[in-house]
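Asker: Model the following, please.
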Amino acid sequence: MTESRNSARAEMRLPSQDLRADLAFFTRTLGFRLDTIYPADNPEVAVLSGHGLRLRLQVGATEAPGTLRLLTDAPDEVAAGARLLTAPNGTRVEIDDLNPPLVLPPTEHAFLVRRLADQAPWIIGRAGMHYRDLVPSRLGGAVIASHIRIPDGGPVPDMVHYHKVGFQLIFCIKGWVDVVYEDQGPKIRLTAGNCFIQPPEIRHRVLEASDGIEVIEIGVPAEHVTEIDHEMTLPTPHLRPDREWQGQRFVHNIGAEGQFRPFRIPGFEARDTTICANTQGVASVMVVRPLSNAMGTPAPWTRHDGDILFTFVMAGHLLLEGEGKAPFRLSPGDAFVVPPGMATRYADPTEDLELLEVSLPGVFATERL
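Answerer: Next up, the predicted model:
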């Protein structure tokens, strides 16, 4: 006895008023293959396949003609290079790049302060995680900064995936999360005070998290694509810690192993997470705290010439002063963005103040005023 096996396939049905004209368009212009046609004496149905899709053209079908997006790595070789066509049956056909280049929109600079006390809404996003937007304007699409939490710990319903980004940071501020990464060995536990840099398109999967896990995630640009990889199984068999993805290396920075050194603003010190070196200067991530021997001494006014300077308050309190602005008393969970050329001052910090500073590019100048 042989074991029976079920098989299935899917088709997209499109209406047709003139099957002959539609067949000529889809086969000759778009390169589809004719698989089935009937009845022989007066065809009313034709099934075509191509570009990973099956189409069922049917005379008299009541559906709207719809839009067909054809993605290819050689768009100029399809339809004589046309990017927008209309089939005889009315179907709109858009031809585009299969892997379009990443577009980084110009930054729309602004001074922004986002307070946790303002009760910004938590939105349920991918894999059931809760998201709080820390930069609502997203600086014109240049960056997204999210405060992410998983209230109930345990296994995370995630799949192997990757992000088409220019830069992506995951910094854990509470709890722990287990993640497995392509070519980085078995699962890695990220704990509070530590961070990952996820290079562009590295495959990974979130496995499990503690109750109340909270992370800060920074992505450039703001709108980037997440794709599921149905073929890869993690962990991968090879350990390749020096591998680069678009010039960037994976980083698992452990805060307890870092050293604090003088910060760009007097009166403070900072721990470098090594992200600037491992992204070839794309971004820098620092953990900043006040110097104990400088408490009570006002820090100077400063301004910077970087593109994006984002800061999140992880602990303690700080008075943020900005030229032409009312001062802001900041608390844990608050975030702010300082645009280039704007004078600001970090005043009246508490001893337990701890800031997460993310800058793009990683190297920029700070002027003391």
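Asker: CA only for contacts and neighbour counts going forward, please
Answerer: OK.
Asker: which phi and psi does D22 have?
Answerer: phi -70, psi -40 (degrees, to the nearest 10).
Asker: which SS class is the nearest residue to it once chain neighbours are set aside?
Answerer: Leaving out its chain neighbours, the residue that sits closest to D22 by CA to CA, 6 or more residues apart in numbering is P88, at 5.7 Å. Secondary structure for P88, judged by DSSP: H, G, I helix; E, B strand; the rest coil, is coil.
Asker: Identify the residues contacting stretch 129-144?
Answerer: Applying CA atoms under 8 Å, 6 or more residues apart in numbering, the external contacts of stretch 129-144 come out as 104-110, 112, 114, 120-125, 145-150, 218-223, 335-337.
Asker: What are the boundaries of the helices in this structure?
Answerer: Secondary structure of the chain by DSSP state H: the helices cover 19-24, 275-278.
Asker: Test my guess that P327 contacts L320.
Answerer: Yes - the pair P327 and L320 passes the contact test of CA atoms under 8 Å, sitting 5.6 Å apart.
Asker: The spatially closest residue to P105 that is not a sequence neighbour and R243, how far apart?
Answerer: Using CA to CA, 6+ apart and skipping the chain neighbours, the partner closest in space to P105 is A142 (5.5 Å). Using CA to CA, to the nearest Å, A142 is found at 27 Å from R243.
Asker: Give me the more crowded residue out of these two.
Answerer: A142 (21 against 13; other CA atoms under 10 Å).
Asker: What is the neighbour count of T297?
Answerer: By other CA under 10 Å, 12 other residues sit near T297.
Asker: so what's it closest to, chain neighbours aside?
Answerer: Spatial nearest neighbour of T297, excluding adjacent residues (CA to CA, 6+ apart): G267 at 7.5 Å.
Asker: show me the contacts for that neighbour.
Answerer: 290-291, 294-295, 297-299.
Asker: pLDDT score for the closest residue to P266 other than its chain neighbours?
Answerer: Nearest non-adjacent residue to P266, counting by CA to CA, 6+ apart: A299, 6.1 Å away. pLDDT recorded at A299 is 89.
Asker: how far away is A299 from A74?
Answerer: From A299 to A74 the distance is 56 Å (CA to CA).
Asker: next one: L14
Answerer: For L14, the distance to A74 equals 25 Å [CA to CA].
Asker: same deal with I144?
Answerer: Counting by CA to CA, the gap from I144 to A74 is 31 Å.
Asker: higher neighbour count, those two?
Answerer: Neighbour tally, I144 and A74, criterion other CA under 10 Å: the higher count belongs to I144, 22 against 12.
Asker: ok, what's across the strand from L318?
Answerer: Here L318 sits in beta bridges with L330, going by DSSP bridges.
Asker: cool, and L71?
Answerer: D96.
Asker: Wait, it touches V93, no?
Answerer: No - using CA under 8 Å, L71 is not in contact with V93; the gap is 10.5 Å.
Asker: Neighbour count for these two, which is higher?
Answerer: Ranked by neighbour count (other CA under 10 Å), L71 and V93 place V93 first, with 18 against 15.
Asker: Would you confirm that that one contacts R69?
Answerer: Yes - if you go by CA under 8 Å, V93 and R69 touch, sitting 5.9 Å apart.
Asker: Quick one: buried ones out of the contacts of stretch 129-144?
Answerer: Neighbour-count burial (16 or more other CA atoms under 10 Å) applied to the contacts of stretch 129-144 gives 104, 107, 109-110, 112, 114, 145-150, 218-223, 335-337.
Asker: First residue to last residue on stretch 261-271, what's the distance there?
Answerer: 6 Å.
Asker: roughly how far is that stretch from the heart of the chain?
Answerer: Averaged C-alpha coordinates place stretch 261-271 at 29 Å from its chain's average position (CA atoms, centre = their mean, to the nearest Å).
Asker: what does stretch 7-22 give?
Answerer: Distance of stretch 7-22 from its chain centroid, counting by CA atoms, centre = their mean, is 36 Å.
Asker: Repeat that for stretch 357-364.
Answerer: On CA atoms, centre = their mean, the centre of stretch 357-364 falls 18 Å from the chain's centre.
Asker: cool, stretch 174-193 as well?
Answerer: Its chain's C-alpha centre and that of stretch 174-193 lie 18 Å apart, by CA atoms, centre = their mean.
Asker: Please identify the buried residues of it?
Answerer: Across stretch 174-193, burial judged by 16+ other CA under 10 Å covers 174-188, 190-193.
Asker: Repeat that for stretch 75-84.
Answerer: Under the neighbour-count criterion of 16+ other CA under 10 Å, stretch 75-84 has 75, 78-79, 83 buried.
Asker: what's it in contact with?
Answerer: By CA under 8 Å, 6+ apart, stretch 75-84 touches 29-31, 92-97.
Asker: Over to it now: how far is its first residue from its last?
Answerer: Span of stretch 75-84 from end to end, CA to CA: 11 Å.
Asker: how distant is it from the center of its chain?
Answerer: The answer for stretch 75-84 is 30 Å, by CA atoms, centre = their mean.
Asker: Now do it, average pLDDT.
Answerer: Stretch 75-84 comes out at a mean pLDDT of 92.
Asker: Tell me which of the helices of the chain sits most buried.
Answerer: Ranked by mean neighbour count, the helices of the chain are led by helix 275-278 with a mean of 20 (mean count of other CA atoms under 10 Å).
Asker: Name the residues that touch it?
Answerer: Helix 275-278 is contacted by residues 197, 248-251, 282-285, 362-363 when judged by CA under 8 Å, 6+ apart.
Asker: any chance of these in JSON lines, plus neighbour count?
Answerer: JSON lines is the format used below for the contacts of helix 275-278 (neighbours: other CA atoms under 10 Å):
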{"residue": "I197", "neighbour count": "24"}
{"residue": "Q248", "neighbour count": "23"}
{"residue": "R249", "neighbour count": "21"}
{"residue": "F250", "neighbour count": "24"}
{"residue": "V251", "neighbour count": "20"}
{"residue": "V282", "neighbour count": "18"}
{"residue": "A283", "neighbour count": "23"}
{"residue": "S284", "neighbour count": "23"}
{"residue": "V285", "neighbour count": "24"}
{"residue": "G362", "neighbour count": "20"}
{"residue": "V363", "neighbour count": "15"}
